[in-house]
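>>> Sequence and predicted model, in that order:
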Number of protein chains: 2
Amino acid sequence: MITIKDIAKEAQVSEGTVDRVLHDRGGVSQKTKEKVEKILEKHNFKVNPVARALAMKNKFKILTLTPNFDTNNVFWKSPYLGILKAKDEVENYGVDVENYFFNQFDPSSYLEQFNILIKSDPTAVIIVPTFMTETKQIVNQLEQLNIPYLFLNIDLDGFNNISFIGQDSYMGGYVAGKLMHLSLGKNTSTLVVHARLNLTNYHAISRRIEGFNDYFIKNNIKNKVLTLSIDGFNNDASIEKKINSFLEEHQEIKGVFVPSSRVATIANAINSNYLAKLQIIGFDNTKQNIESLATDQVAFLISQKPFEQGYESIHLMSDFLVKNKIPKNKIYSPIDILTKENAIFNERNETDFESFEQLSYE
Amino acid sequence: MITIKDIAKEAQVSEGTVDRVLHDRGGVSQKTKEKVEKILEKHNFKVNPVARALAMKNKFKILTLTPNFDTNNVFWKSPYLGILKAKDEVENYGVDVENYFFNQFDPSSYLEQFNILIKSDPTAVIIVPTFMTETKQIVNQLEQLNIPYLFLNIDLDGFNNISFIGQDSYMGGYVAGKLMHLSLGKNTSTLVVHARLNLTNYHAISRRIEGFNDYFIKNNIKNKVLTLSIDGFNNDASIEKKINSFLEEHQEIKGVFVPSSRVATIANAINSNYLAKLQIIGFDNTKQNIESLATDQVAFLISQKPFEQGYESIHLMSDFLVKNKIPKNKIYSPIDILTKENAIFNERNETDFESFEQLSYE
DNA sequence: ACACATTTCGTGTGCGTACACGAAAATAAA
DNA sequence: TTTATTTTCGTGTACGCACACGAAATGTGT
């Protein structure tokens, strides 16, 4: 392993000079700079990230801005746990991680939390860019301060985010279409249920529906798709009423596609006599959803490894800061197909983390 | 962050003494040992793995023993690539990784390579325990030398391996059964094709078949399962002849289940007029198999993330050595359901690694 | 009491890098 | 040329831990 000292000796300069060249700190004459660079190149020198981390202790601060979660809306817990796990791991590299949360249904809370966040002088930021207009403002500030930022889970175009980590929504819907087709055969009717005012993931949701429909179109399969919009997902009684009367009217419906993580809520709302005859497909491996897989209420879940998304986002950013690794522009999570049987194998990482065991010291 | 120095100060001893207590090196009186331990406990002290790694430079050597691969049998390339990627990452922790390969059809080559490996004085070993008898001998040596070992991909019971990383074969087959059922409906016939003399993964293969059959039994679904054994997979012409004449005889067969990674070979051997009418399901995301998904020869692949298996095995062992993390006894890989559509999203990590980009220095 | 062995512990150095400080060299101003 | 100024660079210390070396403390036998 070649070290800075080796380079210095070969270039007949001091270690300090090599360091200045490496980090472009200036104060080196053009001549010696070139000499050192040539030797660096020749040996394909890479700084030892471990030593660097030790020396840099606490020089980096990654702040995250993600939606909060509660018992009703638990999806965002997974990325958060992933972030926590990664936080533990990058701490020793001198990277500090702190989390800020906002209400995913309230744009002003998004901005507000960002304004608190930015005061802590972050080295880099990871955000779930839930609202378009507000994200533009946020990004403006970040770019002025020269702070790198990464988009998590929601993919907005037209920004200079160093990367995006999340699922290809269109293809997620497309796969859902395929599974629906497999389960039902041709010539059936399916119902798409979504919230009317889902500002949050509007983009993702509509892309999923698009993909779902396209599957049938592109493969030339007849499938009558009905759509039911629901006003928010908070009033269980009204959901029940609405969906069951709709199913009453449209007895031909054999499958239900819920292009969001609220599929368990929908499944629970459906009367059991309808439920038994329906193939329901939805998104995300929340606890509730997994439960409804297990009880055969839901046939398939398309999952996107939210835990890993959070986990990876921190590592990606940490590697960017510590090791100067340039990430890919878009990092697509797997489109996991979950059934009753394979679901438990899928959430391994997350449950492992929650029951994390480690000796307290050597 | 609490350091050894802090502990030493609080215990009114030197750093050296704390170090001796931490590593149980002896030479510390019972009294001071207890005093130090109490303070260690109180602060939940953990050594900084980064500093430890820097100080321990090149003290650890992980050796792997895995089957080799070639163009005909490419499955084992993925774990190897995963191992290579991890090797890069753990190098800076003072962990050295070296790989040894054996012929997975030849027990003596397995033993032979191990005997070469063991001479290099490994700190820990990762093996794919392909042969039972020989593994017993190998493990014997390892345990006498007090060398920790981990099983990769193949799960043998009755050993003191610190962990197993791989798939639950039974459940893999079970999920395959479910997919077959979904594709074909009830009351059909399916064909299970496997090699007659597959010493290699005999255990895994038979567990998969078991799971496959159990799906239909447990869910009370009629399905006539026929079985076709093939002598090795090397003579393409003989495979073609055998399988097509079998399909000729049994026109009722609607699905083919290949409980191994050789599914593409089988699919290629089948005449196209049969092929179009068959649902074929097999295992593993090899290049050939993915290809046959894309061309609609194969309907589903059950994949087990071999790249990640290799990758994780190194990190697990490295964490065990460097950070003294105790791994879980069994680590099950996901049972990934691959289709034409989602396959490309599944192999991300692996392809990312092959086209790995990183600045040469800071 | 002494000499000696043994146990117990403190000090110092190295791992590879970051960065502050100040010295030497080069340049500009007098 | 001398002095002041700027540019260029070398030295030293810190990061937290592992481990070698040897000193101090304790114990043993006479």
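Received, thanks.
>>> How about the residues of the stretch 1-150 of chain A by DNA strand C?
Neighbours of DNA strand C within the stretch 1-150 of chain A, by Cβ under 7 Å from any atom of the strand: A:1, A:3-5, A:15-16, A:19, A:22-23, A:47-48, A:51-52, A:54-56, A:59. C-beta coordinates here come from the backbone N, C-alpha and C atoms, glycine included.
>>> Please repeat the previous calculation with a cut-off of 10 Å.
By Cβ under 10 Å from any atom of the strand, the residues of the stretch 1-150 of chain A that approach DNA strand C are A:1-8, A:14-20, A:22-23, A:25, A:27, A:29, A:45-57, A:59-60, A:94.
>>> Inside strands: which ones of those?
Members of these lying in strands (criterion: DSSP state E): residue A:60.
>>> Against DNA strand D, which of the residues of the stretch 1-150 of chain A next to DNA strand C make the cut? List them.
A:4, A:8, A:14-20, A:25, A:27, A:29, A:50-57, A:94.
>>> Buried ones among the residues of the stretch 1-150 of chain A next to DNA strand C?
Taking 16 or more other Cβ atoms under 10 Å in any protein chain shown as the criterion, what is buried in these is A:4, A:7-8, A:17-20, A:22, A:45-54, A:57, A:60, A:94.
>>> Quick check: closest non-adjacent residue to the spatially most central residue of chain A.
Against the mean C-alpha coordinate of chain A, by Cα atoms, centre = their mean, the closest residue is residue A:153 at 3.2 Å. Distances taken as Cβ to Cβ, 6 or more residues apart in numbering or on different chains put residue A:166 closest to residue A:153, at 4.4 Å, once the chain neighbours are dropped.
>>> Could you list everything the one you found pairs with in the sheet?
Beta-bridge partners of residue A:166, counted by DSSP bridges, are residue A:332.
>>> Contacts only, for it.
By Cβ atoms under 8 Å, 6 or more residues apart in numbering or on different chains, the contact list for residue A:166 reads A:151, A:152, A:153, A:154, A:155, A:304, A:309, A:331, A:332, A:333.
>>> How confident was the prediction at it?
We have a pLDDT of 95 for residue A:166.
>>> From residue A:303, how far off is it?
Residue A:166 is 12 Å from residue A:303, where distance means Cβ to Cβ, to the nearest Å.
>>> Could you do residue A:34 as well?
For residue A:34, the distance to residue A:303 - Cβ to Cβ - is 52 Å.
>>> okay, the two: which has more neighbours?
Taking other Cβ atoms under 10 Å in any protein chain shown, residue A:34 and residue A:303 do not tie; residue A:303 has more neighbours (26 against 12).
>>> list the contacts for the more buried one?
Counted by Cβ under 8 Å, 6+ apart, residue A:303 has contacts A:283, A:284, A:285, A:336, A:337, A:338, A:346.
>>> Closest one of these to chain B?
Chain B lies nearest to residue A:337 out of those, by Cβ to the nearest Cβ, at 4.3 Å.
>>> returning to that earlier point: may I ask which of the contacts of residue A:303 comes out lowest in pLDDT?
Within the contacts of residue A:303, residue A:346 has the lowest pLDDT, namely 81.
>>> quick one: low-confidence parts of the stretch 151-300 of chain A?
A:196-201, A:232-235 (pLDDT under 70).
>>> hey, where'd the strands end up in it?
Taking DSSP state E, counting those that start in this stretch to define them, one finds strands in the stretch 151-300 of chain A at A:164-166, A:188-195, A:223-230, A:253-257, A:279-283, A:300-303.
>>> SS state for residue A:133?
Following DSSP: H, G, I helix; E, B strand; the rest coil, we place residue A:133 in the helix state.
>>> pLDDT at it, what is it?
pLDDT, residue A:133: 90.
>>> For it, grab the count of nearby residues.
So residue A:133, with other Cβ under 10 Å, has 9 neighbours.
>>> ok, for it, nearest residue in space, not its chain neighbours?
Distance criterion Cβ to Cβ, 6+ apart; nearest residue to residue A:133, sequence neighbours excluded, is residue A:107 at 7.4 Å.
>>> quick one: the one you found from chain B, how far?
Applying Cβ to the nearest Cβ, to the nearest Å, the value for residue A:107 to chain B is 31 Å.
>>> what's near enough to touch that residue?
Under the criterion of Cβ under 8 Å, 6+ apart, the neighbours of residue A:107 are A:130, A:131, A:133, A:134, A:199.
>>> Going by neighbour count, which of these are buried?
Buried among the contacts of residue A:107 (16+ other Cβ under 10 Å): A:130, A:131, A:134.
>>> Out of those residues, flag the one nearest to residue B:189.
residue A:130 (51.3 Å; Cβ to Cβ).
>>> Just to check, that closest one is in contact with residue A:154?
Yes. If you go by Cβ atoms under 8 Å, residue A:130 and residue A:154 touch, sitting 6.3 Å apart.
>>> wait, what's in contact with residue A:171?
Contacts for residue A:171 (Cβ under 8 Å, 6+ apart) come out as A:211, A:335, B:341, B:342, B:345.
>>> Among the residues you listed, which one has the most neighbours?
Result: residue A:335 is most packed of the contacts of residue A:171 (other Cβ under 10 Å), 28 neighbours.
>>> nearest spatial neighbour of that one, skipping sequence neighbours?
residue B:342 is the one closest to residue A:335 (Cβ to Cβ, 6+ apart), at 4.1 Å.
>>> Write out the residues of the stretch 51-200 of chain A neighbouring chain B.
When proximity is defined by Cβ under 8 Å from any Cβ of the partner chain, the stretch 51-200 of chain A lies next to chain B at A:51, A:53-54, A:92-93, A:168, A:171, A:174-175, A:178, A:182-183, A:185.
>>> one step back: closest to DNA strand C out of the strands of the stretch 151-300 of chain A?
With Cβ to the nearest atom of the strand as the criterion, DNA strand C lies closest to strand A:164-166 of those, at 26.1 Å.
>>> Show me how far the closest one is from its chain's centre.
How far strand A:164-166 lies from its chain's middle: 5 Å, per Cα atoms, centre = their mean, to the nearest Å.
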